[in-house]
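> my questions are about this predicted structure, shown below with the sequence.
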Amino acid sequence: MAKVTGANLKVDIEKLKIYIKDYKVEKGLTNKEFTELLNDNGCDVKISTVERWQGNNAPETISETYLKPVLELINKDLNDIVLGDTSYNDDFAMIKYYETTKASAGTGVQCFEECEPTIVPFAKQELRKALNIWSCKDIHMIKVEGDSMTPTIPEDAMAIFSEYKGEQVKEGVVYVVRDDEEILIKRLIMKPQIMLLSDNPKYPPRLIDNVDNFSIIGRVLGFHQICKLKR
């Protein structure tokens, strides 16, 4: 699945106008100087476009290619600007990506609930075709660290999972789980005792002795991976 770039996002343009105005006043910037800062940050935008964002006929949608550098510069969050349900925006789904915490397919790491996710747009059509995902409200993504789920899930992939809502667990299916303060991606066995299985045979099964410190975070539906070209 390819990474989606340049998505047109529907925004609260009046709020964005205020944010930009407040930033320019605070820094003492003209539109030209503000545009130059954006271009220094890799935005590649024209001053006429920046002026249009602040005018009476400002557009309701702005390309992600422009919006992200703007929000980075003025230190605002994408989720604060994008309108409506963050699961839907035109033809794109807004997936919460926990990039500051890596879900471990080997040793596990800190609980990702303590970390603030970023929003990553994905084409809805791609999600439907590849993973049969029609509703993205409870879909999340988290990075995998370790090789214990290879070859099913490669190391450094981004696991796409649906948030667990108490539904019946499917035995032997891959889940994101929390054991104490560790986040793990494993095949889950519930009976007769909770057990976590790796697909890589070099990793032994893991028995869960303290069920009070164990919880299911979500069921893995697939993964997304961007590979660097080897030269």
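Arrived safely, thanks for sending.

> let me see the contact set for the residue of the chain positioned farthest from its centre.
In terms of distance from the mean C-alpha position of the chain, P192 ranks first, at 34.8 Å (Cα atoms, centre = their mean). Residues near P192 by Cβ atoms under 8 Å, 6 or more residues apart in numbering: none. From N, CA and C alone the C-beta is placed, and that goes for glycine too.

> just the strands in this structure please.
8-10, 61-63, 92-104, 118-123, 139-145, 158-163, 174-179, 182-189, 195-197, 206-207, 214-224 (DSSP state E).

> including distance to E51, mean neighbour count and mean pLDDT, could those go into TSV?
What follows is the strands of the chain, written out as TSV (distance: least, Cβ to Cβ, whole Å; neighbours: other Cβ atoms under 10 Å; pLDDT from 0 to 100):
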stretch	distance to E51	mean neighbour count	mean pLDDT
strand 8-10	19	19	73
strand 61-63	14	18	82
strand 92-104	26	20	67
strand 118-123	26	20	80
strand 139-145	36	22	86
strand 158-163	37	21	89
strand 174-179	45	21	90
strand 182-189	46	22	91
strand 195-197	56	17	96
strand 206-207	58	14	94
strand 214-224	37	19	89
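
> identify whichever of these lies nearest to E33.
strand 61-63 (20.2 Å; Cβ to Cβ).

> strand partners of that closest one, parallel vs antiparallel please.
strand 8-10 (antiparallel) (DSSP bridges).

> where does pLDDT dip in this structure?
Of all residues in the chain, those with pLDDT under 70 make up the ranges 1-8, 83-90, 99-116, 227-231.

> quick check: longest helix in this protein by residues?
helix 13-27 (DSSP state H).

> elements contacting that helix?
helix 31-40, helix 47-53, helix 64-74, helix 78-81 (3 or more Cβ pairs under 8 Å, 6 or more residues apart in numbering; DSSP states H and E).

> redo those as a markdown table? Include distance to T150 and mean neighbour count.
Below are the helices and strands packed on helix 13-27 laid out as a markdown table (distance: least, Cβ to Cβ, whole Å; neighbours: other Cβ atoms under 10 Å):
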| stretch | distance to T150 | mean neighbour count |
| --- | --- | --- |
| helix 31-40 | 41 | 16 |
| helix 47-53 | 45 | 15 |
| helix 64-74 | 32 | 19 |
| helix 78-81 | 32 | 16 |
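
> what's the closest of these to D209?
Of all those, helix 78-81 comes closest under Cβ to Cβ, at 38.5 Å.

> beta partners of F161?
Beta bridges link F161 to H140, V220, judged by DSSP bridges.

> thought it was touching I216?
No: using Cβ atoms under 8 Å as the test, F161 is too far from I216 to be in contact (10.3 Å).

> what's the overlap in contacts for the two?
Y175, V176.

> so how far is K137 from K165?
Here the criterion is Cβ to Cβ, to the nearest Å. By it, K165 lies 11 Å from K137.

> these two - which one has more neighbours?
K137 (11 against 8; other Cβ atoms under 10 Å).

> can you tell me which residues contact N213?
So N213 contacts D179, D180 (Cβ under 8 Å, 6+ apart).
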